[in-house]
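Undergrad: predicted coordinates and the sequence they were generated for:
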Amino acid sequence: MREIFGLELFLDADKGGLTAEVLAELVRQDLAHSHLQVYAESLDEQQTVLADLTIANGEIHYDGFAKRLEMIFIGSVLDDAIPLTYRIKGKQLLIRGRCSVIPKVCGVDLYFAHYLREKNSQARQKIIFSMPDLLKQLKGLGASSFYK
């Protein structure tokens, strides 16, 4: 399951009401220079980096109709082990979770698509954040007065 740490730091960013659009812009700014790192170990033991991907030419887009933020990461595969977990580190945010190369595995929130298990092969990965889901998470932190 995807875990997001640091999201509560955005509560002070907009006293007038935190909308999906405002939150998307805050997340976009925070993750603009982030890396997607894929590991061969569990979340508590992340040591072997299988792939270190970066944002592809500013490929962070907000879809206002679907209210979701889409990011595309690209980079090289560094190790040929089996991916188990991932981490995305922004300025304030840390996102981590479980991944697999097998589609629709229970308990996995990132399907690491097109992974060839070959060193130096290129990997491309799309990450999607639902803004209504992130707003719900913030609301769960006890900040209901910040929403529109």
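TA: Received, thanks. This is a predicted model, so every value here is computed, not measured.

Undergrad: in three-state terms, label residue 24 for me.
TA: Look at residue 24: counting by DSSP: H, G, I helix; E, B strand; the rest coil, its state is helix.

Undergrad: count the residues that sit near the residue nearest to residue 89 when sequence neighbours are not counted.
TA: Nearest in space to residue 89, with sequence neighbours left out and distances taken as C-beta to C-beta, 6 or more residues apart in numbering, is residue 34 at 5.9 Å. To be clear about C-beta, it is placed using only N, CA and C from the backbone, and glycine gets the same treatment. A total of 22 residues lie near residue 34 under the criterion other C-beta atoms under 10 Å.

Undergrad: with residue 41 instead?
TA: Residue 41, neighbours per other C-beta under 10 Å, totals 15.

Undergrad: dump the residue contacts of residue 9.
TA: residue 92 (C-beta atoms under 8 Å, 6 or more residues apart in numbering).

Undergrad: can I assume it sits in a strand?
TA: No: counting by three-state DSSP, one finds residue 9 to be helix, located in no strand.
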